[in-house]
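>>> Have a look at this prediction, sequence included:
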Amino acid sequence: MNRAFDSEEGNYSDEELASVRILNDRIYGHKVLRVNYTTYDMRRAQDSINPRTHPDIMVLSSEDEELRSDSEPCPYWYSWVIGIYHVEVKHDSPNTVTSDVQHMEFLWVRWFGQDPDYEASWRARHLHHVGFVPDDPLDANDPMCASDVLGFINLAEVICGVHLILAFAHRKTTGLLGPSIAHPRKDKDEDWQYSYINMYVHSTLLEQFFL
């Protein structure tokens with residue numbers, strides 16, 4: 001429909017959803033996604049995203065000052081890639097840009113959220129804290145609401161991979177998502193409550209966040 005991407009999935013009627021037809025009712029899965037990006041010293045680099053071994057990515061956020069009146073809006077959002085897919089689709093609608101079959105690639109992700117009660121900065125000498133968004137957030141005005149626990153991302157929106165360090169001191173919990181196919185079988189429906197964003201891998205990007 002030629003709408004600009006703004007990090008919001010939007011609301012669509014049943015009629016609008018039915019106008020998107022997946023050819024042969026097939027979604028194709030992939031094991032690895034490779035993302036090209038530019039390093040801080042203007043060199044080309046590539047990250048390999050694998051849901052089993054290196055699943056964490058970062059994208060630009062759409063937060064603004066109205067949503068985060070207590071602090072500066074977060075420039076980035078982080079997510080854990082559950083699956084990598086592509087489909088062949090056709091949009092049968094009067095509002096469509098083209099009626100041709102389109103090849104679409106996307107990620108199925110589980111979102112991380114920032115810990116608002118954790119102080120992290122160069123001055124505090126603490127890495128930033130993130131944790132999986134719970135399926136029943138206490139704050140109804142939280143921009144990462146219950147419907148955003150799981151979501152889909154266009155591959156073009158991925159900046160690069162990110163290295164998250166598990167916060168072992170906070171242990172695991174079963175209270176964030178509950179039984180779900182979004183959990184790897186080996187995790188037995190448990191999640192680590194928090195992780196730290198490693199500064200070393202993308203120090204220039206995170207420096208902007210700290211400042």
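Noted; the coordinates are in hand.
>>> ranges for the strands of this protein?
Here the chain has its strands, by DSSP state E, at 20-22, 28-30, 33-38, 44-49, 56-60, 76-91, 102-114, 129-132, 150-154, 158-161, 164-166, 172-173, 191-192, 195-197.
>>> nearest to Asp14, of these?
Of all these, strand 20-22 sits nearest to Asp14, with 11.5 Å by Cβ to Cβ. Every C-beta, even on glycine, is put in place using the N, C-alpha and C of the backbone.
>>> Surely Leu164 and Met199 touch.
No. Using Cβ atoms under 8 Å as the test, Leu164 is too far from Met199 to be in contact (11.6 Å).
>>> out of those two, which sits in the more crowded spot?
Per other Cβ atoms under 10 Å, whichever of Leu164 and Met199 has more neighbours is Leu164, with 21 against 17.
>>> what sits against that one?
Counting by Cβ atoms under 8 Å, 6 or more residues apart in numbering, Leu164 touches Asp56, Tyr78, Phe112, Val130, Ser195, Tyr196, Ile197, Asn198.
>>> let's go with 7 Å and repeat that
Leu164 sits next to Asp56, Ser195, Tyr196, Ile197, Asn198 when contact means Cβ atoms under 7 Å, 6 or more residues apart in numbering.
>>> Next, the contact list for the first one, please.
The one in question is Asp56. Taking Cβ under 7 Å, 6+ apart, we find Asp56 in contact with Tyr78, Trp80, Gly161, Val162, Leu164.
>>> give me the beta-bridge partners of it?
Beta-bridge partners for Asp56, by DSSP bridges, are Trp80.
>>> One more: the fourth one?
When bridges are assigned using DSSP bridges, the partners listed for Ile197 are Leu164.
>>> still on that earlier bit, just send the contacts of Asp56 back as CSV, with distance to Gly178 and pLDDT too.
Converted to CSV, the contacts of Asp56 look like this (distance: Cβ to Cβ, whole Å; pLDDT from 0 to 100):
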residue, distance to Gly178, pLDDT
Tyr78, 21, 92
Trp80, 16, 94
Gly161, 27, 92
Val162, 26, 91
Leu164, 22, 91
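>>> Please name the bridge partners of the residue lying closest to Val130 once chain neighbours are set aside.
Distances taken as Cβ to Cβ, 6 or more residues apart in numbering put Phe112 closest to Val130, at 4.2 Å, once the chain neighbours are dropped. Counting by DSSP bridges, Phe112 forms beta bridges with Phe132.
>>> you'd agree Phe112 is up against Ser79?
Yes. Applying Cβ atoms under 7 Å as the test, Phe112 and Ser79 come out as touching, 6.1 Å apart.
>>> Now render the contacts of Asp56 as TSV, adding distance to Val89.
Putting the contacts of Asp56 into TSV (distance: Cβ to Cβ, whole Å) gives the following:
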residue	distance to Val89
Tyr78	28
Trp80	25
Gly161	27
Val162	29
Leu164	32
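>>> and which of those is nearest Ser13?
Among the contacts of Asp56, Trp80 lies closest to Ser13 (Cβ to Cβ), at 30.3 Å.
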